[in-house]
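[1] make a model of this:
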Amino acid sequence: MTFSDSFRVARWLRTINLVLQAILFLTFFGGLNYVARNHAWRFDLTRQRKFSLSPETLSYIKNLSAPVRIIVTASEDSDNPEVHGLLDEYVYASASNPAGPITAEYLDVYRDRRRAGELGVEQSDIVALVSGDKRRVVPLNDLYTIKNKQREAFQGEQVLTASILDVSSPRRQKIYFLVGHSELRPEDADANRGLSAARDQLKLRNFDVDAVDLTVTRKIPTDASLLIAVWPQNRYTKIEQEMLRQYLSASAGRLMLFLAPGQSATALGLDDLLLDWGVLVHNDLLCDTGPENMADNLDLLIRTFLPHPITNTLIDYNEPLRIGFARTVMPDPGRSLGSGLKTVTVAATSKTAWGETDLRPGVVPKYDPGIDTRPIPGMDPPDHLGVIVASERLAVRDNLPFSVPGGKLVVFGTGDMMSNARIGTGNLSVFLNAVNWSVDRDHQLSIPPRPIDHFQLSLSASDFTKLRYVLIVGLPGAALLLGMLVYWTRRA
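    Coordinates of the predicted model:
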């Protein structure tokens, strides 16, 4: 017998083979766990995207300036699965944030009184957010919308994102609404003339909101990140006009104008300012013969949007913009193209719309060629009349090799789009996107509430009896039958 055929060699070969198999097995699972830990892929297959944060929240978390600690003091009897899932996503998304992650802790204040005292939380069913010396408390019920004493939708991401921004941001950007010219006011709760809902949405997104009358203050506040004028009806004085022009040009300010039809830009004293920024506002009334572009109450439905941070949300979700009386707003065809000014139409009517220039009461609108407003050839989008125009100025200063952002102006050809009665999903998204684009918050901003699915299993007494027999007899009987089948097969 040769050496290679001896039993000792065969035994060693089998041993080495087993060792190599064990090493291969351990290496395979070790490598698999390494890949899973460092290069994890996560997929949210739920219908309501329950385990996915919105682009807005992800962009905020990416730019957090300080770590945030979240303490949930829900008792064991509380039923808040949405909260647990949402906080897990915050923790996961912020794990790589260099400024510090978001951490979550669940605490029963009745069982762990010592820990509750250390954290300074004494109340149950709240969410406490702490960052440095800043603290904010949110009741758990505020994370839900309630209807008929039932939780209808979960708005936890919207509320908690605003709270995280509140406690982690060193300061809030301040938005001023211009008043003194019969504009719509942020403190007014009236359905048609109030902007209280829009104000609340801005505060929810960590903005400070106030009103300013330039005829009284005689200057624009130094802490103003954005000025908004909604449906002015009286003329701005020469001093106010010059303050606004200087604010936009010299101070790189940001201004949003909501101009309803009925008065020309000249009558409001804004024509020079608008022309400086390449915006042309027509004194007309937008009309449309397409039934698919008109709502039941004769509101105008805007469905044509150009890609822009202001309208990307509506494009992504295929949402229309619903507005009342509106006028044509477009880039000025005669504007200077070499001054660093970029003026674009971001929302427009359908191709069947025109701008009615005869605004006399009682006149039935009809298109009059050569008189009424029609699209100008060569303007984007082709064969459409503009409703929203965004203008920004970029300039090269001091021979720098890059552009320095200047002022920004957004003009809406409608006045009551953001009133309490019209602040629907599409309108709100456009408004908030315009605000964030204006103040350089480069985020997708729409965080809609997520509906809560309610499941109910109804079983009669006979159904319970059948279920009992299935569990007591059926399942053990199936296992017994399978075992006997295997036994019979092996014996045969």
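
[2] hey, let's count contacts and neighbours off CA atoms from now on
    Fine.

[3] show me where this protein has its helices.
    Along the chain, the stretches classed as helices by DSSP state H are 7-38, 55-62, 81-93, 113-119, 156-168, 196-204, 214-217, 238-249, 265-268, 271-276, 312-317, 425-438, 461-469, 475-491.

[4] what is the burial count for the closest residue to residue 251 other than its chain neighbours?
    Counting by Cα to Cα, 6 or more residues apart in numbering, residue 407 is the residue found nearest to residue 251 once chain neighbours are left out, at 7.4 Å. Using other Cα atoms under 10 Å, residue 407 is surrounded by 21 other residues.

[5] show me the contacts for residue 407.
    248, 249, 251, 252, 253, 254, 392, 393 (Cα atoms under 8 Å, 6 or more residues apart in numbering).

[6] can you check residue 263 too?
    Residue 263 neighbours (Cα under 8 Å, 6+ apart): 233, 283.

[7] again, 10 Å this time
    Residues in contact with residue 263 (Cα atoms under 10 Å, 6 or more residues apart in numbering) are 232, 233, 234, 235, 282, 283, 284.

[8] and the contacts of residue 407, which two are furthest apart?
    The span of the contacts of residue 407, defined through Cα to Cα, is set by 251 and 392 at 13.2 Å.

[9] these two - which one has more neighbours?
    Each of residue 251 and residue 392 has its neighbours counted (other Cα under 10 Å); residue 392 has more, 21 against 13.

[10] any idea what residue 321 is bridged to?
    On the basis of DSSP bridges, residue 321 is bridged to residue 302.

[11] what about it, distance to residue 367?
    Residue 321 is 23 Å from residue 367, where distance means Cα to Cα, to the nearest Å.

[12] higher neighbour count, those two?
    Remark: of residue 321 and residue 367, residue 321 carries more neighbours, 24 against 18, as counted by other Cα under 10 Å.

[13] what pLDDT does the more buried one get?
    Per-residue pLDDT puts residue 321 at 92.

[14] buried among the contacts of residue 407? Make that a ChimeraX selection.
    Restricted to buried positions by 16 or more other Cα atoms under 10 Å, the ChimeraX selection for the contacts of residue 407 reads:
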select :248,249,252,253,254,392,393
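
[15] just name the closest of the contacts of residue 407 to residue 192, please.
    For the contacts of residue 407, the minimum distance to residue 192 (Cα to Cα) is 25.8 Å, reached by residue 254.

[16] is the closest one in contact with residue 435, as I believe?
    Yes - counting by Cα atoms under 10 Å, residue 254 touches residue 435, with 9.2 Å between them.

[17] need the overlap of contacts for the two.
    Counting by Cα under 10 Å, 6+ apart, the residues touching both residue 254 and residue 435 are 175, 225, 226, 227, 228, 410.

[18] can you list the weak-confidence ranges in the stretch 301-450 of the chain?
    The model of the stretch 301-450 of the chain has pLDDT under 70 over residues 338, 395-405, 425, 441-449.

[19] again, 80 this time
    By pLDDT under 80, the low-scoring segments of the stretch 301-450 of the chain are 313, 316-317, 336-339, 394-405, 424-425, 441-450.

[20] contact partners for residue 178?
    With Cα under 10 Å, 6+ apart, residue 178 has these contacts: 184-186, 210-214, 220, 227-230, 232, 257.

[21] before we move on, back to that, buried subset of the contacts of residue 263?
    The neighbour-count test (16+ other Cα under 10 Å) marks 232, 233, 235, 282, 283, 284 as buried among these.

[22] so how far is residue 480 from the last one?
    Taking Cα to Cα as the measure, residue 284 and residue 480 are separated by 83 Å.

[23] how about the second one?
    Counting by Cα to Cα, the separation of residue 233 from residue 480 is 85 Å.

[24] for the third one, same thing?
    For residue 235, the distance to residue 480 (Cα to Cα) stands at 90 Å.

[25] also the fifth one?
    Distance of residue 283 to residue 480, given as Cα to Cα: 86 Å.

[26] equivalent analysis for the fourth one, please.
    Counting by Cα to Cα, the gap between residue 282 and residue 480 amounts to 84 Å.

[27] isn't residue 244 right next to residue 255, touching?
    Yes - the criterion here is Cα under 10 Å, and residue 244 meets it with residue 255 at 8.4 Å.

[28] the stretch 101-250 of the chain: strands as residue ranges?
    102-106, 126-131, 134-139, 144-147, 150-154, 173-178, 207-212, 224-230 (DSSP state E, counting those that start in this stretch).

[29] repeat that for the stretch 351-492 of the chain.
    Secondary structure of the stretch 351-492 of the chain (DSSP E, counting those that start in this stretch): strands at 353-356, 386-395, 404-412, 450-451.

[30] so for residue 262, which of the ones you listed sits nearest?
    strand 353-356 (11.3 Å).

[31] tell me which residues of that closest one are tucked away?
    353, 354, 355, 356.

[32] now do the shared contacts for residue 244 and residue 255.
    Shared contacts of residue 244 and residue 255 (Cα under 10 Å, 6+ apart): residue 227.

[33] next one: the nearest residue to residue 262 once chain neighbours are set aside from residue 274, what distance?
    In space, not counting the residues next to it along the chain, residue 262 is nearest to residue 283; the distance is 6.8 Å by Cα to Cα, 6+ apart. For residue 283, the distance to residue 274 (Cα to Cα) stands at 14 Å.

[34] spit out the residues that contact these two alike.
    Overlap of the contact sets of residue 283 and residue 274 (by Cα under 10 Å, 6+ apart) consists of 265, 266.

[35] ok, residue 378 to residue 384 distance?
    Separation of residue 378 from residue 384 (Cα to Cα): 11 Å.
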